[in-house]
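Trainee: Need the 3D shape of this:
(chains A and B)
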Amino acid sequence: MRYSKRAAVGSFKVFNFLFAVHIFMTYVGRFSFMAGPSMLPTFAVEGEIVIEDFITYRLFPDKMKRGDLLIVRSPIEPTKVICKRLIGLPGDIVCVDPSGVVYPSTEHVVVPKGHVWISGDNALASRDSRMYGPVPIGLVKGRVFARVWPLNSFKVFTNQISYIE
Amino acid sequence: MSSFPLFRKALPFLYWSPTVFFLSDHFFHVKTISGRSMQPTLNPDSSQWRDVALFSKFAVREAEDYGRDDIVTVRSPQNPKYVLIKRIIAMEGDTVKTLPPYPDLEVTVPEGHVWIEGDEHFVSDDSNHYGPVSKSLIESKLLMIIWPPNRFGTVSMKACPPQEGHPLSDEQRREINRHARVHIPPIPSSTSDE
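Mentor: Okay, here's the model as predicted:
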């Protein structure tokens, strides 16, 4: 009897530990596979592992800057998570489609309050704000911090955007 | 550390907090409802307490078991700090007759979106202000009210059907008005060419 009780408590402790790991992975950060052609040439189509950082935007929402690599819950498919580049912050005027493939390149739109404009680096193979419009900030989970695999292309992603005054 | 008796008593609870947090994050959580936008269904003026309710996250995230007339919590599309409680009026593909602040008279809800409104829409900041909202913003579904005790119980998402000879209740009138504004397209019947 005493043995089975100890086994039950032990397995609860194992689950408790796994839950703690899971919570860390949802709220702080985790390793994750990258897949898909939409972010070429920044990310390859497959075989890359990155570190996702969820805690920075959670603690400092103002750290979101144009040019960051965002991890976003897809606004049209709730189970999917996508990685796109942040183009416009609330209040910005963005060109809907500079390439002119989906929309004429003369069309501009103001990003509404509480939303961001996101776009894939590879416009031809990306489903992004050009199709579904600005995305609520509530769907932004975090950002890509670094690529760790393959080892020879290790890179910490910093914001490279400079502005013309 | 052991010289603080309070800390020593709290330690077992702290130790099991990941399990509690996991359950509230993925299955059920309890929240106090504030504001008037869902009156008279929630927080009616006749009640001196604010309603405390049990919500299911599992029904939304894993089971995707929510639809028209369900009351859900939604992360505000305008300010991610706030969570709103609203009723789903229409699902993707439906056509809704909108209410005043909205610029168009009718809207077809796009793919992956829903139309949400408060029951008291003139004090509610809802889809009539910001348009259809993404399904991904829905966080949980209301299951039951657990406080105050006299309001304990499930919230009926659908009013009981009107009966012959009885005047319509307020709830039934609201539901009829709500349904009259939504046009649900017929499900295309899959016909085989054999």
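
Trainee: Show the subsequent helix or strand relative to the helix ranked longest in chain A.
Mentor: For chain A, the longest helix by residue count, based on DSSP state H, is helix A:2-27. Next helix or strand after helix A:2-27 toward the C-terminus (DSSP states H and E): strand A:29-34.

Trainee: what angle sits between that next one and helix A:2-27?
Mentor: Put simply, strand A:29-34 runs at 70 degrees to helix A:2-27, going by axes from the mean of the first three to the mean of the last three CA atoms, to 10 degrees.

Trainee: Report the mean per-residue pLDDT for stretch A:133-151.
Mentor: Mean per-residue pLDDT for stretch A:133-151: 93.

Trainee: Between the two ends of it, how far is it?
Mentor: 36 Å (CA to CA, to the nearest Å).

Trainee: re earlier: helices and strands around the longest helix of chain A, which ones?
Mentor: Helices and strands touching helix A:2-27, by 3 or more CB pairs under 8 Å, 6 or more residues apart in numbering or on different chains; DSSP states H and E, are helix B:17-26. Backbone N, C-alpha and C define where each C-beta goes, glycine included.

Trainee: Dump the C-alpha coordinates for the helix it packs on into PDB.
Mentor: Extracted C-alpha coordinates of helix B:17-26, given in PDB (Å, rounded to 0.1, in the frame of the first residue of the first chain):
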ATOM      1  CA  SER B  17       1.800  25.500  -9.000                       C
ATOM      2  CA  PRO B  18       3.000  24.300 -12.500                       C
ATOM      3  CA  THR B  19       0.200  21.700 -12.500                       C
ATOM      4  CA  VAL B  20      -2.400  24.200 -11.400                       C
ATOM      5  CA  PHE B  21      -1.100  26.700 -14.000                       C
ATOM      6  CA  PHE B  22      -1.100  24.100 -16.800                       C
ATOM      7  CA  LEU B  23      -4.700  23.100 -16.000                       C
ATOM      8  CA  SER B  24      -5.900  26.700 -16.000                       C
ATOM      9  CA  ASP B  25      -3.900  27.500 -19.200                       C
ATOM     10  CA  HIS B  26      -5.200  24.500 -21.200                       C
END
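
Trainee: Need the residues that contact the helix or strand just after it.
Mentor: As assigned by DSSP H and E, the chain's next helix or strand after helix B:17-26 is strand B:28-32. Strand B:28-32 is contacted from outside by B:24, B:50-58, B:73, B:140, B:143, B:146, using CB atoms under 8 Å, 6 or more residues apart in numbering or on different chains.

Trainee: can you do 10 Å?
Mentor: B:21, B:23-24, B:43, B:49-59, B:73, B:83, B:85, B:139-140, B:142-143, B:146-147 (CB atoms under 10 Å, 6 or more residues apart in numbering or on different chains).

Trainee: Name the residue of chain A that lies nearest to chain B.
Mentor: Relative to chain B, the nearest point of chain A is A:Ile76 (3.1 Å; CB to the nearest CB).

Trainee: The residue lying closest to that residue once chain neighbours are set aside: how many residues sit nearby?
Mentor: Among residues not flanking A:Ile76 along the chain, B:Gly112 sits closest, at 3.1 Å (CB to CB, 6 or more residues apart in numbering or on different chains). Residues within reach of B:Gly112, counting by other CB atoms under 10 Å in any protein chain shown, total 16.

Trainee: so of the contacts of strand B:28-32, which ones are in helices?
Mentor: B:Phe21, B:Leu23, B:Ser24, B:Phe58, B:Ala59.

Trainee: what about chain A, any weak spots by pLDDT?
Mentor: Within chain A, the stretches with pLDDT under 70 are A:1.

Trainee: So which residues of it form strands?
Mentor: Counting by DSSP state E, chain A has strands at residues A:29-34, A:48-53, A:69-73, A:81-88, A:93-95, A:108-110, A:115-119, A:135-136, A:140-149, A:155-156.

Trainee: Then chain B?
Mentor: Using DSSP E, strands in chain B cover B:28-32, B:52-56, B:71-75, B:83-90, B:95-97, B:106-108, B:113-117, B:133-134, B:138-147, B:153-154, B:182-183.

Trainee: Is it possible to get a markdown table of those that adds mean neighbour count, mean pLDDT and distance to A:Phe24?
Mentor: As requested, the strands of chain B are exported to a markdown table (neighbours: other CB atoms under 10 Å in any protein chain shown; pLDDT from 0 to 100; distance: least, CB to CB, whole Å):
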| stretch | mean neighbour count | mean pLDDT | distance to A:Phe24 |
| --- | --- | --- | --- |
| strand B:28-32 | 14 | 92 | 19 |
| strand B:52-56 | 19 | 94 | 24 |
| strand B:71-75 | 23 | 94 | 22 |
| strand B:83-90 | 23 | 93 | 23 |
| strand B:95-97 | 17 | 93 | 41 |
| strand B:106-108 | 15 | 92 | 41 |
| strand B:113-117 | 24 | 94 | 32 |
| strand B:133-134 | 26 | 94 | 27 |
| strand B:138-147 | 19 | 92 | 21 |
| strand B:153-154 | 10 | 84 | 35 |
| strand B:182-183 | 14 | 91 | 43 |
